[in-house]
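1. Got a sequence here, can you build the structure:
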Amino acid sequence: MYDLVIIGSGPAGLSAAVYAKRACLSVLVIEKEAMSGGQMIYTEEVDNYLGLNHRSGFELAEAFEQHARDLDVTFTEGEVEEIMAKGATWTLHMTDGDDIETKTVLLATGATHRKLGVPGEETFAGAGVSYCATCDGAFFKDKTVAVVGGGDVALEDALYLANICKQVYLIHRRNELRGTKVLQEQAFANEKITFLGESEVTEIIGDRQVSGIAVHHKITDETKQIALDGVFIAVGMEPQSTLYEPLMKLEHGYVPAEEDCATERSGLYVAGDVRTKCLRQIVTAVSDGANAVHSITEYFTTYNKEGRS
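-> Numbers count the residues shown, from 1 in each chain. Okay, here's the model as predicted:
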């Protein structure tokens, strides 16, 4: 039986694995994909991770995983089908039929960005198409970009990019935005932001890099092309949390937990983008991993004092 099983090997899961080994816990990391890193591996360049700038997300993911492997963290490739409480411990039932026993579980399956599903989106991912203005905005200094979406994140992205870029198009499928009024007022008052309502991006255009978009106006039924350098898609996130629905009540798909990363279930913890939080970045995921293991070691201290080791 393991002290800790971590489901997911993105920045949160790998950080937790390192901290767990340093705390002398027996730990297993389960990853269903062929490579660790989560969404990070699709980032062309990470420019805001302290001391490790100008690296691709792929390179950073390799470095994170190697750090864990250097500490003899055990990894297994597979997918968890069900998480079951078994007294004071947990059983993870795998899709291949195996069962894994553990004292604690860390949920670190992350979240994925919702896609527009238009031609060119996948082709130019990391080459002008981005899902994170905070991560990639600096690469578009003095350039023209579009933000697609109508909620708070889209408005915040547009305002953030307006401080960096020459021009920002804010494109939303409805005539009215969904974001808070104060953000709307700030966006409409910003001379660099042009709002295109009742409009949908139907294609992202380019050669090796994004060079423009096709935008269809739903009322006039006209489609026009706009020349630009980047497209920031902010139409929501999809937390990878279906597995956890039988265990607890989720908040819009996210696992509720504070900074200690403890869920409402004893011995069950959560870290990274699948946790309820304000900012989803590599650095905050790494922080979650450390905080979660700190909480887990405190849990074991109480667990052992009560004579249940």
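2. contacts, neighbours, all on C-alpha from now
-> OK.
3. residue contacts, Gly212?
-> Ile204, Ile205, Gly206, Gln225, Ile226, Ala227, Leu228, Asp229, Gly230 (C-alpha atoms under 8 Å, 6 or more residues apart in numbering).
4. what helices or strands is the helix or strand in which the first one is found leaning on?
-> Remark: Ile204 resides in strand 199-206, with elements defined by DSSP states H and E. For strand 199-206, the elements it packs on are strand 167-171, strand 210-217, judged by 3 or more C-alpha pairs under 8 Å, 6 or more residues apart in numbering; DSSP states H and E.
5. Looking at those, spot the one closest to Val270.
-> Val270 lies closest to strand 167-171 among the helices and strands packed on strand 199-206, at 33.9 Å (C-alpha to C-alpha).
6. could you point out which element follows that closest one?
-> Defined by DSSP H and E, the subsequent element after strand 167-171 is helix 181-189.
7. the inter-axis angle of that following helix versus strand 167-171?
-> 130 degrees (axes from the mean of the first three to the mean of the last three C-alpha atoms, to 10 degrees).
8. Next secondary structure after helix 181-189?
-> Assigned by DSSP H and E, the successor of helix 181-189 is strand 193-196.
9. Show me the strands in the stretch 201-309 of the chain, by range?
-> With DSSP state E, counting those that start in this stretch, the ranges of strands along the stretch 201-309 of the chain come out as 210-217, 223-227, 230-233, 237-239, 268-270.
10. Lys143 versus Ala133, what's the distance?
-> 13 Å (C-alpha to C-alpha, to the nearest Å).
11. Who has more neighbours out of these two?
-> Taking other C-alpha atoms under 10 Å, Ala133 and Lys143 do not tie; Ala133 has more neighbours (23 against 15).
12. Check the closest residue to that one other than its chain neighbours and give its pLDDT.
-> Of all residues not flanking Ala133 in the chain, Asp157 sits nearest, at 5.6 Å (C-alpha to C-alpha, 6 or more residues apart in numbering). Looking at Asp157, its pLDDT reads 92.
13. now do Gln225
-> pLDDT, read off for Gln225, is 97.
14. got the contact list for it?
-> Gly212, Ile213, Ala214, Val215.
15. Tell me which two of the contacts of Gly212 sit farthest apart.
-> Pairwise over the contacts of Gly212, using C-alpha to C-alpha, the maximum falls at Gln225 and Gly230, 13.7 Å.
16. what's the distance between the residue nearest to Ala133 and Ser15?
-> Distance from Asp157 to Ser15, by C-alpha to C-alpha: 28 Å.
17. Check Ile219 too.
-> Ile219 is 49 Å from Ser15, by C-alpha to C-alpha.
18. Who has more neighbours out of these two?
-> Per other C-alpha under 10 Å, whichever of Ile219 and Ser15 has more neighbours is Ser15, with 25 against 9.
19. any idea which element the more buried one lies in?
-> Secondary structure (DSSP H and E) places Ser15 in helix 11-22.
20. Okay, now the sheet partners of whichever helix or strand comes after that helix, with direction.
-> Once helix 11-22 ends, the next helix or strand along the chain (criterion: DSSP H and E) is strand 27-31. Using DSSP bridges, strand 27-31 pairs in its sheet with strand 2-7 (parallel), strand 74-77 (parallel).
21. Residue ranges of each domain in the chain, please.
-> 2-113+237-305, 129-233 (automatic domain parsing).
22. Identify whichever of these lies nearest to Gly120.
-> That would be domain 129-233 among these, by C-alpha to C-alpha, at 4.7 Å.
23. Brilliant, that's me finished.
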